[in-house]
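K.L.:
I would like the atomic coordinates for the input below:
(2 chains)
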Amino acid sequence: MALRDQIRVMVVDDMSTSRGLITNALDSYGIRNVASAADGPSALQKLATSPVHLVISDYNMPGMDGLQLLHALRSNGPTRGVGFLLITGRADREIIDMGKRLGMNNFLKKPFNPEGLKAAIEAIVGKL
Amino acid sequence: MSDPMAEIRASFFIECEELLESLQDGLQLMDDGDTDSETINIVFRAVHSIKGGAGAFGLDDLVHFAHRFETAMDEVRAGRFSPDAEAIRLFFACADILADLVRAARDGDQVDDGITGPVLENLDKLVGLEEEEEEDLDFTPATLSLDFGDGGTLPDLPELPDVSALPSTDAADDALPALDMPVPAPDTDIPPMAEPECKGFSVKFKPEDALYASGNEPLYLFRALRDLGDISVICHCEDLPQLDSLNPDTGHLSWDMTIHTEEPEQAVREVFEFVDGLCLLEINALTGDQDGTSSSEHTPISPAPEISPPPQVETAPSLPENAASTRVDAAKPSATKDTTKKLGEAKDEQSTQAKAAATPTQPRATVRVDLERIDRLVNLVGELVINQAMLSQSVAEAGLPPNSPVSTGLEEFLQLTRDIQESVMMIRAQPIKSLFQRMGRIVREASASVGKEVRLRTDGENTEVDKTVIERLADPLTHMIRNAVDHGLESTEKRLEAGKSREGHVTLTAQHRSGRIVIEVTDDGGGINRERVKEKAIQKGLIPADAQLSDSDIDNLLFLPGFSTAAEVSNLSGRGVGMDVVKSSIQALGGRINITSQEGKGTTFSISLPLTLAVLDGMVVRVAGETLVVPLNAILETLTLTDEDLTALGPETHVVQIRGGFVPLLDLGAELGYRTPQDSYVGGTVLLIGQEDGNRAALAVDSIEDQRQVVIKGLEGSYGRVPGIAAATILGDGQIALILDPTDLVGQATGRTRVRQPQQLLVG
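P.N.:
Numbering: from 1, shown residues only, chains lettered A, B, ... in the order given. Presented below is the predicted three-dimensional model:
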């Protein structure tokens, strides 16, 4: 069994288009175990009952942004070790530095192609 | 669609429309003086999201423009730039262009560079040239080793635990870096790991017989309690006697309830306000160690030693460079003992909290459905309605008794058909908001081109209207709005002269009124100059020079083909579309249009439309051997004429006296050319028709057959517009019946209800 068959991923983005794109890309690498959420609170709610190994989250979301989600994940015992890939349209130093401090595993700047996303994921979890 | 990318692309454009809508909303709020950061954020996020999606599909024009717009909004968001009215106008223009670009990208059209250029230049002038520097960000990805075990074959993933079963790791927070940004406190957004606080009440409730006797229903009380929070109810039925000794007027039940709520005790008491004194009521606050629910209900969930622990980052996440390995800890045995006891409660609490957290942020779940599928469904339901009518007819003809199972079953079938039909129509209904937003743009463009300052106000945007109606309203409404800006409102100088505000106002409202939707376009301009309208109409030969016209007659001249009052043809008028076209497109929708105007104060155009184009409730009548359907909403009442009611007026007409007022009598058969006027109408049936403008008319028919829902089948495709006739339908017996347009009929009526007998005699 390859890693791609076992890894569980959650995609968090308020835009259904983006969720679709990412899920579609993951599917193309053979990652089938993918959950998704439209915002931070519902992601946390879903993670409470079905944990994952990697969270791929957009930065700019209403209510709770990507870094606030990361903070919430890291503050909570069971999810503190989850991998976190931040997707951001504006790779500001401020955002990246904060992400670094909060324990972000990697980030990816929009727009990205499926190869870029794959590389960003593999940098966290190893060869898929 | 088999290609997932094509599907995602299609959904992107749908999502863009939603984002453009919230962009408009946000800008409107800003224009109204809202400087709330969340409003600005909404605007920013909408542009940002469109850009993000566009990037993924390689829509470079769109990305480029959205990026510049986003940069400007980012300046606003960061508080480095406070937009004034001019800037907000520019943002509106940007939003319009963005919408154009989105639609062009969707339809594969080319966009003229010319339209973005000036706006971008202005943006740069406003917020300064952006310095596009790609920062070199050094970031080393922090790898995560997913320990799937050793050996060649990977075992199953480490079982991830049910977090609700685990206590919080208190050391965790210490390891986290201090945050200088607002971060929601974890314990509010994450299911709590700590002991749940028991907030709520236990309620003992035993109704006395008087409670039931005064028509109260305990179930409603429980429902009201449920609205306050999670509730569990235990019913005590031990006191129930044997069936043979049961007195139906005596209550024997009592209830114990536990309600988890943040509300004060008063809120719980209020639920029982109306049964005060009619029951035994005991309300106690829950204490911390008592969950209130009887212990027997909560079977403790047994410790689950097989629960595997979560992956834990060994090193502090503040040092991601080192946070390289994830290790699986053994379950802490102590963790289970304490938590198990509270597990059930924790879960309850957790789900309520989760619900509470989710409600405000989560939009309502929606499904996107291809319109064709809905239309198919609408058609099928239409057929079902016809079919059901035919079935009813056959059953009636079979002479079955009214209480036969077939008849009662059919009755239910009828009700269900109606429910289905209403539900299907609701699927097609949409808020009129999207249409109103488009009008915002029309006002902006129109006012810019004629050099007037105009503000559009809208009201009732959430009024739901059939989708087809919305689509087909766009053109007439656009024209009316342009008209209001161009002809309705005076120039700024004239406004100031008249002591009005500099800025002209156009108001667009929508509301439901007695089964129809009424849309009004109002301007606070100079009103209709009736002198000039009449002059013009005489000039053009539309009316004779000596015509005696009432104010409303003059106003209605505007709807005559080829009428234009603008003294000078402006940019906007002279497009070859007059109000006559507006009127006919409204009529094609089964609607009517009215004008009211007050010199110096302004003009209101009022459009009244049916809610749906698919079915209507009608009265089936017979006249001169023909079966016709009269829309029910036009009928105020039906009556039988007596001799005293009828008064002859003039040589050919009658009026009917109804409660002191007089209304003209119209013979439906004569008006439609089925027959000549009758000798006498005494004892005949008339329908009192009410019109939009408040005028009434009495329509004489031979008999009223039935009142039922009919499916509208348009005639215009085959016959064009027939005066007085709205459409046709198929009745239960398969017969085709025409549906009247009462207002149109009354408007065109001759009113002949008497034959000029003496003259005929003379000729004879």
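
K.L.:
which outside residues touch the helix or strand where residue B:496 lies?
P.N.:
In this assignment (DSSP states H and E), residue B:496 forms part of helix B:492-497. Helix B:492-497 is contacted from outside by B:451, B:452, B:453, B:489, B:501, B:502, B:504, B:526, using Cβ atoms under 8 Å, 6 or more residues apart in numbering or on different chains. C-beta coordinates here come from the backbone N, C-alpha and C atoms, glycine included.

K.L.:
Now the buried members of those.
P.N.:
Using 16 or more other Cβ atoms under 10 Å in any protein chain shown as the burial test, these include B:452, B:489, B:504, B:526 as buried.

K.L.:
Shouldn't the first one be within a helix?
P.N.:
The reference is to residue B:452. No: the assignment for residue B:452, made by DSSP: H, G, I helix; E, B strand; the rest coil, is coil rather than a helix.

K.L.:
just checking, it touches residue B:487?
P.N.:
No: taking Cβ atoms under 8 Å as the definition, residue B:452 is not a contact partner of residue B:487, at 11.1 Å.

K.L.:
who touches residue B:249 in this structure?
P.N.:
B:209, B:212, B:213.

K.L.:
now, which of the residues you listed lie within helices?
P.N.:
B:209, B:212, B:213 (DSSP state H).

K.L.:
If you rank those by neighbours, which is first?
P.N.:
Taking other Cβ atoms under 10 Å in any protein chain shown as the neighbour criterion, residue B:212 ranks highest of the ones in helices among the contacts of residue B:249 with 16 neighbours.

K.L.:
Isn't that residue up against residue B:251?
P.N.:
Yes: with contacts counted by Cβ under 8 Å, residue B:212 reaches residue B:251, the gap being 5.5 Å.

K.L.:
related to what we said a few turns ago, just checking: which of the buried ones among the contacts of helix B:492-497 also lie near chain A?
P.N.:
When Cβ under 8 Å from any Cβ of the partner chain is applied, no member of these is adjacent to chain A.

K.L.:
now those as JSON lines including secondary structure and pLDDT?
P.N.:
Shown next, in JSON lines, are the buried ones among the contacts of helix B:492-497 (DSSP: H, G, I helix; E, B strand; the rest coil; pLDDT from 0 to 100):
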{"residue": "B:452", "secondary structure": "coil", "pLDDT": "88"}
{"residue": "B:489", "secondary structure": "coil", "pLDDT": "90"}
{"residue": "B:504", "secondary structure": "strand", "pLDDT": "91"}
{"residue": "B:526", "secondary structure": "coil", "pLDDT": "87"}
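
K.L.:
Quick test: name the residue nearest the centre of chain A.
P.N.:
Closest residue to the average C-alpha location of chain A: residue A:56 at 1.0 Å, with Cα atoms, centre = their mean.

K.L.:
Which strand or helix spans that one?
P.N.:
strand A:54-58.

K.L.:
Packing partners of that strand?
P.N.:
strand A:9-12, helix A:40-49, helix A:66-75, strand A:83-88, helix A:114-125 (3 or more Cβ pairs under 8 Å, 6 or more residues apart in numbering or on different chains; DSSP states H and E).

K.L.:
so how far is it off the chain centroid?
P.N.:
Distance of strand A:54-58 from the chain centroid (Cα atoms, centre = their mean, to the nearest Å) equals 1 Å.

K.L.:
Could you tell me how many residues sit around residue 100?
P.N.:
All of this is about chain A. Residues near residue A:100, counting by other Cβ under 10 Å: 21.

K.L.:
The intended chain is chain B.
P.N.:
Neighbours of residue B:100 using other Cβ under 10 Å come to 18.

K.L.:
Could I get the contacting residues of the nearest residue to it once chain neighbours are set aside?
P.N.:
Closest residue to residue B:100 apart from its sequence neighbours, by Cβ to Cβ, 6 or more residues apart in numbering or on different chains: residue B:111 at 6.6 Å. Going by Cβ under 8 Å, 6+ apart, residue B:111 touches B:61, B:100, B:101, B:104.

K.L.:
Can you read off the pLDDT for residue B:111?
P.N.:
Note for residue B:111: predicted pLDDT of 74.

K.L.:
For the one helix or strand residue B:455 maps to, C-alpha coordinates in CSV please.
P.N.:
Using DSSP H and E, residue B:455 falls within strand B:454-459. The C-alpha trace of strand B:454-459 is given here as CSV (Å, rounded to 0.1, in the frame of the first residue of the first chain):
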residue,chain,number,x,y,z
VAL,B,454,-28.7,59.8,-9.1
ARG,B,455,-29.0,57.4,-6.2
LEU,B,456,-30.8,54.2,-6.5
ARG,B,457,-32.7,52.9,-3.5
THR,B,458,-34.0,49.4,-3.5
ASP,B,459,-36.5,47.7,-1.2
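
K.L.:
What are the buried residues along that strand?
P.N.:
Residues B:454, B:456, B:458 are the ones in strand B:454-459 that count as buried (16+ other Cβ under 10 Å).

K.L.:
what sits against the last one?
P.N.:
With contacts taken as Cβ under 8 Å, 6+ apart, residue B:458 has the following neighbours: B:436, B:439, B:440, B:507, B:508, B:509.

K.L.:
For it, list each beta-bridge partner.
P.N.:
residue B:508 (DSSP bridges).

K.L.:
So it versus residue B:435, what's the distance?
P.N.:
10 Å (Cβ to Cβ, to the nearest Å).

K.L.:
Below-threshold pLDDT in the chain: ranges please.
P.N.:
I'll assume chain A. A:1 (pLDDT under 70).

K.L.:
that's the wrong chain, I wanted chain B
P.N.:
Applying pLDDT under 70 to chain B picks out residues B:1-2, B:128-137, B:147-198, B:288-365, B:562, B:564-577, B:691-694, B:755-764.

K.L.:
Tell me, domain by domain, which residues of it belong where.
P.N.:
B:4-127, B:192-302+B:338-355, B:371-429, B:432-610, B:615-763 (automatic domain parsing).

K.L.:
can I get those domains in a markdown table with distance to residue A:67?
P.N.:
Output for these, formatted as a markdown table (distance: least, Cβ to Cβ, whole Å):
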| stretch | distance to residue A:67 |
| --- | --- |
| domain B:4-127 | 15 |
| domain B:192-302+B:338-355 | 22 |
| domain B:371-429 | 40 |
| domain B:432-610 | 33 |
| domain B:615-763 | 53 |
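
K.L.:
Residue A:46: which of those domains is closest?
P.N.:
domain B:192-302+B:338-355 (9.6 Å; Cβ to Cβ).

K.L.:
Could you pull out the helices in the stretch 651-764 of chain B for me?
P.N.:
Along the stretch 651-764 of chain B, counting by DSSP state H, counting those that start in this stretch, helices occupy B:668-671, B:716-719, B:742-748, B:757-763.

K.L.:
which strands and helices sit next to the second one?
P.N.:
Right, the one you point to is helix B:716-719. Looks like helix B:716-719 contacts no helix or strand (3+ Cβ pairs under 8 Å, 6+ apart).

K.L.:
Just give me how far that helix sits from the chain centre.
P.N.:
31 Å.

K.L.:
For that helix, list every residue counted as buried.
P.N.:
Buried residues in helix B:716-719, counted by 16+ other Cβ under 10 Å: none are found.

K.L.:
What would that helix look like as CSV? C-alpha coordinates only.
P.N.:
What follows is helix B:716-719 as a C-alpha-only set of coordinates in CSV (Å, rounded to 0.1, in the frame of the first residue of the first chain):
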residue,chain,number,x,y,z
GLU,B,716,-49.2,33.9,-28.1
GLY,B,717,-46.9,31.6,-29.9
SER,B,718,-49.7,30.5,-32.2
TYR,B,719,-52.1,33.4,-32.3
